[in-house]
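Peer 1: Fold the following for me, if possible:
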Amino acid sequence: MAASTSLRSSRSAAASDSAKRTRSGASRGWRRPLAVAGSWLLVGALVALAGYEFYRWTGARPSYDAFGWMVWGRQVVLHWSSFNTDGAPSWKPLTFLLTLPYALFGHTQLTLWTATSSAAALASGVFAARSAFRLTGLASRPLLARWPALIAGAFAGVGVLGLRGLPHQMLIATSDPMVVTLCLAALDAHLSRRPRLAFAMLVLAALGRPEVWTFAGAYAVWCWRAVRGSRILVAAGALLIPAGWFVIPALTSHSWFISGDLALGFRDQIYGNKIVGVFDRFTSLYELPMQLAALGAIVLAVVRRDRTWLALTAAAALWVAIEIAFAYHGWPASQRYLMEPAAVCIVLAGAAVGQLLDFAARGAAAHLLPALLTRQSFGEWVLRAGALSLVAVLALSLAPVVRARVRLWRGEIHHAKIVAVPIDQLEHAVAFAGGPTLIRYCGQPVTFVGFQSTLAWNLDMNVGNVGYKAGREIHSRRPIVFFAPFNGGWLVRPLHTRRRKQLACRRVSIDYQVVGQPTGATAAGLPPALAREVREGVLGPLYVPRRLRPRRPHHVITHRRRRSSHARSRHHVKGHRHAAASRHPNRRGHPHAGHQSRPAHRGAKT
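Peer 2: Got it, this is the predicted structure:
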């Protein structure tokens, strides 16, 4: 009896213990995803705050392309029937997905887009660090044993943010750093065993650059076969990419392939050897030490036969090959389009640094090299010292590169603050001149090509409806409103205004100047010759109506009809002959040479 009682009590105790473990396991099961989501929200908030502060303190402002993307969003919100993608910049669905909701906030759209672009560019360093951390293979160790992986992540994160050209792209708020971040986020999600999230990141990146189509398609095939429950997501992504790139342009432009049509004949295209040109642009993204580090990572991947590293190397090489094909087609294989494979190579270099440090610390236990090379204790110590020496030499050789990047960042930020002055003041100048409606009533807005999309955004117009050939438009007879940056502000002049509109358009003529701006803001963005004319006030007579201009002296002869060079030379010689004959009547060559000129009188013989 006592034995049965004790048996029942032990069973009940075991059942209660198992129930407690089940409840604790269930609580841990839902607490862990919640903790991960909370940490990601915290990191996202910090990155967003960093992007906003970057926008505030560096003077980052959208460039020509970015203002054009914001114009698309405003046109859909304000004048959806006039939405047109025919003009520059080229169509990109990724930017439209962001500028469209941002347009609901009015002129705050500029702040939202610039802060988003900056935050996305800064996030590239975060995802590069996470990818390099996981590629080292040390993520499963205790925290104190992960220090080589942490150093590898820091190396990759700082290295990606130090790509040549990335500071400029961040300060003009383009979408290329955003595509770099999405590609690295897809890599991080795949290494974290989240293939659905990785495919979603690839789809978003494919909406920003056509080079990603190949990788998104290959990953879609793999997900369709290997990942359960992902077929609906794969089908949606496969439909979204062509719909975003081709359906919207087919409805809003004269060609469904408007992006490729506008890219043809671009000034940045390669005119010489395409292969050499693309490879030179790819290698110019970083100096020789980083190139050697990436090459060493590839060699290490071959020695270790690491499939993940070799697959990333093949992906980077395929991206460069796609750019070569684009260059042969006539599209510009710009340097900024090669940042994605360069970022992958930097991630591999960072992972290699982490592996070398781990080998230097643990030796043969790190399994970096085959056991044949580390069998002898003396040989193992030599290899460990060599690995540590390689990392030290790489760090020392990259020190001048770091200093050069710091100087580059300072110069880019200083230039961005100067360029931001006229961009910020244009909105105030438009309001001071009477607003967009009055300006459009007085004539077609005209400015220089660098400010065409900026002026279109401030006047709620399509980019193609704003003139950019200032010299030709000024001397035409069409009514225009000319905008020119001047003294940190704007010079606005209505020209050739219709008589019935002159009274209403008198307010539009303003000189909106800002005092106390940084040095160099005067006539910022103008061509040198025109900037000199604006400073000297030579453009003043152009703003005077033709009927009020002083008449030319009678001895000034103007020829309205252009003549050929041969006709001009004949006219020049003939004029000199007549002038010389009039001064010397008896000179040979005069029609009356050799005859004595007598005054005619009545009754004289003829």
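
Peer 1: Please make it C-alpha for all contacts and neighbour counts, starting now.
Peer 2: OK.

Peer 1: how about the helices in the stretch 51-200 of the chain?
Peer 2: 64-78, 93-102, 108-135, 147-161, 166-171, 176-191, 195-206 (DSSP state H, counting those that start in this stretch).

Peer 1: Turn the ones you listed into a markdown table, including mean pLDDT and distance to Arg362.
Peer 2: Formatted as a markdown table, those follow (pLDDT from 0 to 100; distance: least, C-alpha to C-alpha, whole Å):
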| stretch | mean pLDDT | distance to Arg362 |
| --- | --- | --- |
| helix 64-78 | 91 | 50 |
| helix 93-102 | 94 | 46 |
| helix 108-135 | 94 | 18 |
| helix 147-161 | 94 | 11 |
| helix 166-171 | 92 | 37 |
| helix 176-191 | 96 | 24 |
| helix 195-206 | 96 | 33 |
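
Peer 1: Tally up the residues packed near the residue lying closest to Arg61 once chain neighbours are set aside, please.
Peer 2: Distances taken as C-alpha to C-alpha, 6 or more residues apart in numbering place Ile172 nearest to Arg61, at 5.3 Å, with adjacent residues excluded. Ile172: 23 surrounding residues under other C-alpha atoms under 10 Å.

Peer 1: what does the model give Ile172 for pLDDT?
Peer 2: Model confidence at Ile172, expressed as pLDDT, equals 93.

Peer 1: Please report phi then psi for it.
Peer 2: phi -110, psi 10 (degrees, to the nearest 10).

Peer 1: coming back round to it: to Leu383, which of the helices of the stretch 51-200 of the chain lies closest?
Peer 2: Nearest to Leu383 among the helices of the stretch 51-200 of the chain is helix 147-161; the distance by C-alpha to C-alpha comes to 16.9 Å.

Peer 1: Check the burial of Asn458 by counting its neighbours.
Peer 2: Asn458: 20 neighbours (other C-alpha under 10 Å).

Peer 1: Does Trp490 belong to a helix, a strand or coil?
Peer 2: Applying DSSP: H, G, I helix; E, B strand; the rest coil to Trp490 yields a three-state assignment of strand.

Peer 1: picking that back up, these two touch, right, the residue nearest to Arg61 and Gly59?
Peer 2: No. Contact criterion C-alpha atoms under 8 Å: Ile172 and Gly59 do not qualify, at 9.3 Å.

Peer 1: Identify the residue nearest the most centrally placed residue in the chain in space, chain neighbours excluded?
Peer 2: By C-alpha atoms, centre = their mean, the chain has its centre lying nearest to Thr174, at 2.8 Å. Distance criterion C-alpha to C-alpha, 6+ apart; nearest residue to Thr174, sequence neighbours excluded, is Ala66 at 6.0 Å.

Peer 1: same thing with Ala316?
Peer 2: Computed as C-alpha to C-alpha, 6+ apart, the closest residue to Ala316 that is not its neighbour in sequence is Pro341, at 4.5 Å.

Peer 1: ok, Met70 to Phe105 distance?
Peer 2: 12 Å (C-alpha to C-alpha, to the nearest Å).

Peer 1: which of the two has more neighbours?
Peer 2: Neighbours were counted for Met70 and for Phe105 using other C-alpha under 10 Å; Met70 has more, 26 against 12.

Peer 1: Lys92: what's it in contact with?
Peer 2: Residues near Lys92 by C-alpha atoms under 8 Å, 6 or more residues apart in numbering: Leu207, Gly208, Arg209, Trp245, Ser259.

Peer 1: run the last query once more with 10 Å
Peer 2: Counting by C-alpha atoms under 10 Å, 6 or more residues apart in numbering, Lys92 touches Trp69, Ser175, Ala206, Leu207, Gly208, Arg209, Pro210, Gly244, Trp245, Pro249, Ser259.

Peer 1: pretty sure the last one contacts Ile248?
Peer 2: No. Under the criterion of C-alpha atoms under 10 Å, Ser259 is not in contact with Ile248, lying 11.3 Å apart.

Peer 1: more crowded one of these two?
Peer 2: Between Ser259 and Ile248, Ser259 has the larger neighbour count (other C-alpha under 10 Å), namely 20 against 16.

Peer 1: Does the more buried one lie in a helix or a strand, and which?
Peer 2: Here Ser259 sits within helix 258-263, counting by DSSP states H and E.

Peer 1: Quick check: what element follows that helix along the chain?
Peer 2: Once helix 258-263 ends, the next helix or strand along the chain (criterion: DSSP H and E) is helix 274-283.

Peer 1: Quick one: distance of that next one to the chain centre.
Peer 2: Centroid separation for helix 274-283 versus its chain: 20 Å, with C-alpha atoms, centre = their mean, to the nearest Å.

Peer 1: and that helix, average pLDDT?
Peer 2: 94.

Peer 1: I'd like the next helix or strand past it.
Peer 2: By DSSP H and E, the next helix or strand past helix 274-283 is helix 288-304.

Peer 1: for that following helix, packing partners?
Peer 2: Other helices and strands packing on helix 288-304, by 3 or more C-alpha pairs under 10 Å, 6 or more residues apart in numbering; DSSP states H and E, are helix 307-329, helix 339-362, helix 377-432.

Peer 1: Phe483 belongs to a strand, doesn't it?
Peer 2: Yes. Phe483 sits within a strand when classified using three-state DSSP.

Peer 1: Got the confidence number for it?
Peer 2: If you check Phe483, the pLDDT there is 92.

Peer 1: and it, what are its bridge partners?
Peer 2: Note on Phe483: beta-bridge partners by DSSP bridges are Val492.

Peer 1: isn't it right next to Leu455, touching?
Peer 2: Yes. Counting by C-alpha under 10 Å, Phe483 touches Leu455, with 8.5 Å between them.

Peer 1: So for the two, which residues contact both of them?
Peer 2: Shared contacts of Phe483 and Leu455, counting by C-alpha under 10 Å, 6+ apart, come down to Leu426, Val430, Pro445, Val446, Thr447, Phe448.

Peer 1: from what I can see the second one touches Pro436, true?
Peer 2: Yes. Under the contact definition of C-alpha under 10 Å, Val430 touches Pro436, with a separation of 6.6 Å.

Peer 1: circling back to that earlier point, give me the neighbour count for the residue nearest to Ala316.
Peer 2: As a measure of burial, Pro341 has 22 neighbours, counting by other C-alpha under 10 Å.
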